[in-house]
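> Sharing a model prediction with you, sequence too.
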Amino acid sequence: MYQPRIAIPPAVSADAFRRRDPGAGVIALGGATMGTTWSARIVSPRPAAELNGAIERALDDVIDEMSHWEAGSLLSRVNAAPVGEWHSLRADLAYVLDAGLAVADASGVAFDPAAGTLVDLWGFGPAGARTGRPSDEEIAATASGRAAIERQGNRVRRTADVRIDLSGIAKGFAVDALARALLALGIRDFLVEIGGELRGEGTKPDAQPWWVDLEPPPGARLTPIRLALHGVSVATSGDYRRFFDADGTRYAHVIDPRTRAPLVNDVASASVIHAECMMADAWATALMVLGAEDGMALAEREGLAARIVLRDGAEHRELLSSPLQAMLD
């Protein structure tokens, strides 16, 4: 068994250790959301039912605004509006969309929040799964791309028949929304998670941080990286979660917006540590699509604490950005 490497974020709160109550209990909660599960571990004297209600309301709000699977969501109404028509956004949806567009611009659209039609075409969206590869003609005829998204104040419009799909960033934002709901109740020590994306604040009652291991790809024999999730979030994008096989080829759910097809490179996963889980989520997808060299270059340019795991024949190897390496030193 490999001894884990320990990663400590650069900012550690002395107040988190001073205020701890060694006799406090940890409330464990969980449920289903966004096609996956959520969980929370919370240090608080408040009733579990109250905490669970606050979390469920926060999740419902995210789905009501940002789900492209729910026909009645605000995002679905934006996507259904006539091309060229301006549509008003609520503050959270505007914030997430603008963050996604910023990552798209910074990554050369390796991450693109306006690739929903391509996601559907390849069978990974609400339209349902495919049994075979779409034709080259179908791919070429599908409108897609952030260039067709215009923002103005609290409004947005599509200038072509593209579909906004925030699945690469909204789950991370939902993790942040859970944290925001707990912080609003005066709770400062917790770990929240949705579908493997996590955010930790404060400490456990025993003064230990919330320890989590960076998610490895299946079968990877890498020395674990154990992260103190203290005032930071972590998200991992991998090509092993959803896929379909057709004509002897495996098509992963991660779409490369530049090629308009599922990703084809040697990256098995990319993990990013960031103050906002929303940003960790989006950057992890961008790094995965960019690949080893360009992905690491982007991580260094943006100051991202990142790990990229590559397939090397039957083995795996990893690349670490200098901000993540500094956490290990």
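Thanks, I have the structure now.
> My reading is that Ala228 lies in a strand. Confirm?
Yes. Secondary structure of Ala228, determined by DSSP: H, G, I helix; E, B strand; the rest coil: located in a strand.
> give the contact list for the residue nearest to it when sequence neighbours are not counted.
In this structure, Ala228 finds its nearest non-sequential neighbour in Pro209, 3.8 Å apart by C-beta to C-beta, 6 or more residues apart in numbering. Any C-beta I mention is one placed from the backbone N, CA and C, and that applies to glycine too. Contact partners of Pro209, counting by C-beta atoms under 8 Å, 6 or more residues apart in numbering, are Gly200, Thr203, Ala228, Leu229, His230.
> quick one: which of those is most hemmed in?
Gly200 (26 neighbours; other C-beta atoms under 10 Å).
> So that one versus Ala110, what's the distance?
Taken as C-beta to C-beta, to the nearest Å, the spacing of Gly200 relative to Ala110 amounts to 28 Å.
> In this structure Ile27 contacts Ala48, no?
Yes. In terms of C-beta atoms under 8 Å, Ile27 counts as a neighbour of Ala48; the distance is 5.2 Å.
> if you count what's nearby, which of these two comes out ahead?
Between Ile27 and Ala48, counted using other C-beta under 10 Å, Ile27 has the larger neighbour count: 18 against 12.
> Ramachandran coordinates for that one?
Backbone torsions of Ile27, given as degrees, to the nearest 10, read phi -90, psi 130.
> and it, what are its bridge partners?
The residues paired with Ile27 through beta bridges, assigned by DSSP bridges, are Ile42.
> Name all residues that make contact with it.
With contacts taken as C-beta under 8 Å, 6+ apart, Ile27 has the following neighbours: Ala40, Arg41, Ile42, Val43, Ser44, Ala48, Leu51.
> Identify the residue spatially nearest to the second one, adjacent ones excluded.
Read it as Arg41. Here the residue nearest Arg41, using C-beta to C-beta, 6+ apart, is Leu191, at 4.6 Å.
> Parallel or antiparallel, list what pairs with the helix or strand where the one you found lies.
When elements are assigned from DSSP states H and E, Leu191 belongs to strand 190-194. Within its sheet, and counting by DSSP bridges, strand 190-194 is paired with strand 36-43 (antiparallel), strand 197-201 (antiparallel).
> need those strands in TSV with distance to Ile187 and mean pLDDT, can you?
Rendered in TSV, the data for the strands paired with strand 190-194 read as follows (distance: least, C-beta to C-beta, whole Å; pLDDT from 0 to 100):
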stretch	distance to Ile187	mean pLDDT
strand 36-43	6	97
strand 197-201	8	97
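> Any idea what Glu318 is bridged to?
With DSSP bridges as the criterion, the beta-bridge partners of Glu318 are Val309.
> From Glu56, how far off is it?
The span separating Glu318 from Glu56 equals 37 Å under the rule C-beta to C-beta.
> Look up which helix or strand the residue minimising distance to the centre of the chain falls in, please.
With distances taken as C-alpha atoms, centre = their mean, Asp281 lies nearest the centre of the chain, 2.5 Å away. For Asp281, the enclosing helix or strand under DSSP H and E is helix 277-290.
> and the next element down the chain from that helix?
Next along the chain from helix 277-290, counting by DSSP H and E, comes helix 292-302.
> quick one: low-confidence parts of the chain?
Counting by pLDDT under 70, the chain contains low-confidence residues at 1-2, 129-131, 240-252.
> can you map out the helices along it?
Listed in chain order, the helices of the chain (DSSP state H) span residues 14-18, 48-66, 74-80, 91-106, 116-121, 136-141, 170-184, 277-290, 292-302, 322-328.
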